[in-house]
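In: sequence and predicted model, in that order:
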Amino acid sequence: MNNRTAPTDWKGAAMQARIAKRYGAERRFRLLGLAAVLASGAFLAFLLFVMVGNGARGFTYTNVAVPIDFAAMPLAVDRDRLSDPDAEQVVANAGLADIVAFAADEALGEGGADLISENAWKEVRSAILDDPELLDGRTVFDLPASSAVDIAAKEGAGGELGAKVAALEKEDKLSTGIHWPFFRNADATDPAVAGIWGALKGSVLTIFIAFLIAFPTGVLAALYLEEYAPKNRWTDLIEVSINNLAAVPSIIFGLLALAVFINWFGLCQASPLVGGLTLALMTMPVIVIASRNAIKSVPPSIRDAALGVGASPVQVVFHHVLPLALPGILTGTIIGMARALGETAPLLLVGMRAFIGDVPGGLCSPSTVLPMQIFLWSDEVDRGFVEKTSAAIIVLLIVLLSMNALAIYLRNKFEKRW
Amino acid sequence: MSFNPAALLLLILGLALIGWLAGRARSAMLAGRAQAKLHSRPQYHGWYVALWLFAPAALFLAVWTSVSPGLITNQVLATEAAQGLPEFGFERSAILSDARAVAQGKQAAVRIEGAAPLVRPYAEATRHYAWIGIAAMLALGLAGGLYGFTRIRPDFRARTRVERTVMAVLLLASLVAILTTFGIVLSLLFESIRFFQLVSPAELLFGTHWNPQSGAPVKDTFGGIPLFWGTVLIGAIIAMIVAIPIGMMTAVYLTQYAAPAVRRWVKPLLEILAGVPTVVYGYFAALTVAPAFREFAVMLGIPNASTESALAAGVVMGVMIIPFVSSMADDSINAVPQAMRDGSLALGATPNETIRQVLIPAALPGVMGGILLAVSRAIGETMIVVMAAGLSANLTANPFASVTTVTAQIVKLLTGDQEFDSAKTLAAFALGLVLFVVTLLLNIVALRIVKKYREAYE
Amino acid sequence: MTQDDLTIADPKMRAHGVNVFYGDKQAINDVSIDVGTDLVTAFIGPSGCGKSTFLRSLNRMNDTVASARVTGRIELDGEDIYAPSMDVVQLRARVGMVFQKPNPFPKSIYDNVAYGPRIHGLAPGKADLDGIVESALTRAGLWDEVKDRLAESGTALSGGQQQRLCIARAIAVDPEVILMDEPCSALDPIATAKIEELIHELRGKFAIVIVTHNMQQAARVSQRTAFFHLGTLVEYGKTTDIFTNPRQERTKDYITGRYG
């Protein structure tokens, strides 16, 4: 029976070499693991670096100092009408744009009007509406430069434009400041006045609708499935539906919304209402799954205790289980909402990719959302939009990261181990 | 007078609050007078009244909101001013909607000439039906509230009734998931069937030429193979070549080697990577990665190198999927009992041998399930491919060339100005159906595998 | 009874003044013990007394617990196993272990047994490996039951068979010591009897240390018995002496069933 030969020679040279080799493999494998982690980290760092590098400049803009002497070039407008509701239209009709262009030509030399943004006169207009006294004399306005000048001032440029910009810089006529229109305006074709406020408001309205629908529905469905649902085929069907919906590609929800909400119900296209409904359907399964996990982690002893003192099943759930599960539910909801906030694909199909030049007024007015604005700008030919796109990405990432950080904070703060 | 559903909803919510207060007060008073013990606490009587007030009114509001536009239009069409309208089609509906917009104050003036005479009838009809609607809603709500109010008695089982309603609401909420699933299936099927009346399913599934044109469908322009191949090349091949090794090794490192402090830092990092919106990945791929790859390909002398390459889209998509693969692998490896690891280590295996020869084989079913889910996610991903992979339907294995995918084509087909009924738009739904069926199968199989695997170790 | 009776002429393993800590908690307090080459040594004691912890420090399985710390000296053939020069991979090959719950790998029966020889490179060719597998399974008393289904999964076997497979897996590496951590606690009486029989047969070929909470089992299979209580070694001696004539009051109380 004992057919063992000589005992293993662990100290032998061959065995020692083999062990050295095995430890070598061990070290390499471990390094490979570290490399994988570092690769993810490096990619993230690179992505953020590129976005911040490109986008930081998108928050500032180059202004050109242009003196305008309204005493010499009077604006033919009735002073009394400057406080009318249609004052903007009145000033525009009075030919302010031409005056500003002329002043620019005069101040900056031949072709000076091309150096400032074609929308620069609107800045002058709002200044005038704020202070009609300006119309009496000569004022130096810091007007937004044209997109080409802005890029040339930030990155440097050769040729005629470069020389011109260098000359302006020498004369101290260029200044750089925070680009307020970026935070104040909606989309525009001119990077000098294009902003994210319209998209941001659209996002807020859309997410508001999505939350309003997905949160109660998701939590109530989770309560039903976890606490009351009988074990039968219907319940199984609901479970399978939810699990599959959570993994269905988001664009499918866009198709559903297009077919049902827009073509069948005829709801307002491209609106936060339809966008929000679409995202609600997409987020609800996520909320259900997160809520069920939170509810599951409430120990049965709490239910037994409440039932033991004569509470009805509904009272047990709403007085005890739900409050205890709420932190977990909220964490899951915030993460789901953050995902919805960054979503673009389904909204493309419900018309939210249209160019929207106004800040959306209500739930049914055409609007866009921040990720969509990024998508639209990324397609723009004008080079001025490159940095705007990255700047918008930075804003979006900051919003999303704060939401995720909040979720992680909630999870850590309220995480209970029963 | 306009019919504003949101404001009316607020109104009936306010009435319901009053009903709640009234019901609560009355039950308390009755109990006090009769010296009887209430079956249910006063607030349940309050809820009972409020529900009876709210539910009929809200239900009516929902119905009325959806039917009243039709009623209004019918009344307008019956007026003399509408007799001159064109018979059918786009023009007629354009004129009607223009007049409606003006009548409801959404628009300052008519844009189409023929709409002007319809504005007044529209405004009148709108006002007419708004009055009817509001009156009927209030009547229903008050009747319900009164009924509920009169039923309050000390021995009335208000709590049971209220709780039954709560249960019904919970059940309804959980049915939304089924409704959504049915909605997806039905809408995709319905539009796809219309598409397949124009183009045969065989052509979509097996045709090799994709070049849809507006207007009547031309033969051999709806061949889906190039799209399917592009989807597989980007989502199931290139992205997985990136995501599987890196995701697996990350999971292995984090579960087996990393110190707790490292884990604490790396996990949120992966969560950030997973939380970056796809549009950002897409922009990054198009702006930075794709040009770099193209230059590289040109340097190597590879033909057909495009700035919209399958490689750029696939690699970036792979990075996007890394956190997903790593967390699935993490779960699967953690689910392998510690005893397996101990058994191997106790035989003198190094950690690396233990991981590769015991843990990963043991975790393989779970890992495979996770990978299937990752593939399903990759082939359904839209923004990265729309922005970085391009739209030309090439049947090529050259990763530096431009290919297109199912999702990118759905977006392309549905954005643009075409009628909803054209073969092009319907094709998007047929592609959506294919995508849905494939991802559904992948998900079902994957979830089965993962579930079986979990059971095996429980 | 004198101390001399306890000394073993040529101990396979020798522990001296061993302490084991988990974080701040001390699990083993100053334990010294010798393990004889041709003997079966049983560790008994109430649950939580530290007998398993001590066993796991004999082949450095405690290394896998991040917070565990071992002080004192443990020797294998006179060599300090916690010395930096000691290679833990080799140590564990020489000091095999069988666990409380059978833990066959989810591989075929053949691959389970061949796993150790493969990683250590003990079999140059396929024929050698076949030989090692057959011999290990034979010695574990499993060969006749599984020789026709070596390709089947090890997890498909019954509990008792799985545990014998795990013993075969340990034997296949040709160890010098086999540590058994309550190897029968998850098994039914018939399977337990088979394992005990197996331990009898293996005695003399390997030094065997077995942890058990079953005193009858200790009495049946071992020649030396150590009684642990609250992390200390209360009494160590010939099994017959411990069970018939314990010197310590605590040992007596435990053996007579006062506590357990």
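Out: Arrived safely. Numbers count the residues shown, from 1 in each chain, chains lettered A, B, ... in the order given.

In: so for the residue nearest to the spatial centre of chain B, what's the nearest residue that isn't a sequence neighbour?
Out: Taking CA atoms, centre = their mean, the centroid of chain B lies closest to residue B:180, which sits 8.6 Å from it. Among residues not flanking residue B:180 along the chain, residue A:281 sits closest, at 5.2 Å (CB to CB, 6 or more residues apart in numbering or on different chains). C-betas here are computed from N, CA, C, even on glycine.

In: got the residues of the stretch 251-400 of chain B near chain C?
Out: Contacts of the stretch 251-400 of chain B with chain C, taken as CB under 8 Å from any CB of the partner chain, map to B:260, B:337, B:339-350, B:353, B:357-358, B:361-362.

In: can you pull the residues of chain C lying near chain A?
Out: C:87, C:89-90, C:93-94, C:119-122, C:135, C:138-139, C:174, C:176, C:205.

In: would you map the helices across the stretch 101-250 of chain B?
Out: B:116-150, B:158-198, B:201-206, B:225-231, B:239-252 (DSSP state H, counting those that start in this stretch).

In: can I get the ones you listed in a markdown table including mean pLDDT?
Out: Below are the helices of the stretch 101-250 of chain B laid out as a markdown table (pLDDT from 0 to 100):
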| stretch | mean pLDDT |
| --- | --- |
| helix B:116-150 | 86 |
| helix B:158-198 | 90 |
| helix B:201-206 | 89 |
| helix B:225-231 | 93 |
| helix B:239-252 | 95 |
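
In: I'd like to know which of these is closest to residue A:264.
Out: helix B:158-198 (8.1 Å; CB to CB).

In: show me what the closest one is packed up against.
Out: helix A:197-223, helix A:233-245, helix A:250-257, helix A:272-296, helix A:313-315, helix B:42-78, helix B:423-456 (3 or more CB pairs under 8 Å, 6 or more residues apart in numbering or on different chains; DSSP states H and E).

In: just those: most buried one?
Out: helix A:250-257 (a mean of 27; mean count of other CB atoms under 10 Å in any protein chain shown).

In: that one and chain B in contact?
Out: Yes. Judged by CB under 8 Å from any CB, helix A:250-257 comes into contact with chain B through A:250-253, A:255-256.

In: looking at the helices and strands packed on helix B:158-198, which is closest to residue A:369?
Out: Residue A:369 lies closest to helix A:197-223 among the helices and strands packed on helix B:158-198, at 4.3 Å (CB to CB).

In: residue A:195: which of the residues of helix A:250-257 next to chain B is nearest?
Out: residue A:250 (26.8 Å).

In: where's residue B:439 relative to chain A, distance?
Out: 6 Å (CB to the nearest CB, to the nearest Å).

In: okay, now residue A:247: neighbour count?
Out: Residues lying near residue A:247 (other CB atoms under 10 Å in any protein chain shown) number 18.

In: wait, a strand at it?
Out: No. Residue A:247 is assigned coil when assessed by DSSP: H, G, I helix; E, B strand; the rest coil, not a strand.

In: ok, it touching residue B:436?
Out: No. In this structure residue A:247 lies outside contact range of residue B:436 using CB atoms under 8 Å: 11.0 Å.

In: and the pLDDT for the closest residue to residue C:112 other than its chain neighbours?
Out: Spatial nearest neighbour of residue C:112, chain neighbours left out: residue C:154 (4.4 Å); criterion: CB to CB, 6+ apart. The model reports residue C:154 with a pLDDT of 89.

In: what about residue C:154, how many residues close to it?
Out: Close neighbours of residue C:154, defined as other CB under 10 Å, add up to 24.

In: the spatially closest residue to residue C:73 that is not a sequence neighbour in helix, strand or coil?
Out: Nearest residue to residue C:73, sequence neighbours excluded (CB to CB, 6+ apart): residue C:16, at 4.7 Å. For residue C:16, the secondary structure call by three-state DSSP comes out as strand.

In: quick check: residue C:16 touching residue C:71?
Out: No. At 10.8 Å, residue C:16 and residue C:71 do not qualify as touching, with contact defined as CB under 8 Å.

In: angles on the backbone of residue B:332, please.
Out: phi -70, psi -40 (degrees, to the nearest 10).

In: can you give me the distance of it to residue C:202?
Out: 36 Å (CB to CB, to the nearest Å).

In: out of those two, which sits in the more crowded spot?
Out: residue B:332 (27 against 19).

In: correct me, but the more buried one touches residue B:453?
Out: Yes. Using CB under 8 Å, residue B:332 is in contact with residue B:453, at 7.0 Å.

In: pLDDT at the residue nearest to residue C:73, what is it?
Out: 91.

In: show me the contacts for residue C:132.
Out: Counting by CB atoms under 8 Å, 6 or more residues apart in numbering or on different chains, residue C:132 makes contact with C:113-114, C:117, C:122-123, C:172.

In: would you say it is within a strand?
Out: No. Counting by three-state DSSP, residue C:132 falls outside a strand, being helix.

In: for the chain, which spans come out with low pLDDT?
Out: Using chain A here. Scanning chain A for pLDDT under 70 picks out A:1-7, A:415-418.

In: the chain in question should be chain B.
Out: For chain B (pLDDT under 70), the answer is B:1-3, B:35-36, B:86-90, B:105-109, B:215, B:416-421, B:458.

In: in it, what residue comes closest to chain A?
Out: Of all residues in chain B, residue B:380 sits closest to chain A, at 2.4 Å by CB to the nearest CB.

In: surely that residue touches residue A:253?
Out: No. Counting by CB under 8 Å, residue B:380 does not reach residue A:253; the two are 10.5 Å apart.

In: quick one on the thing from earlier: overlap of the contact sets of residue B:332 and residue B:453?
Out: With CB under 8 Å, 6+ apart, residue B:332 and residue B:453 have common neighbours B:365-366, B:369.

In: ranking these by neighbours, who comes first?
Out: residue B:366 (26 neighbours).

In: residue B:335 is in contact with that residue, correct?
Out: Yes. Counting by CB under 8 Å, residue B:366 touches residue B:335, with 6.3 Å between them.
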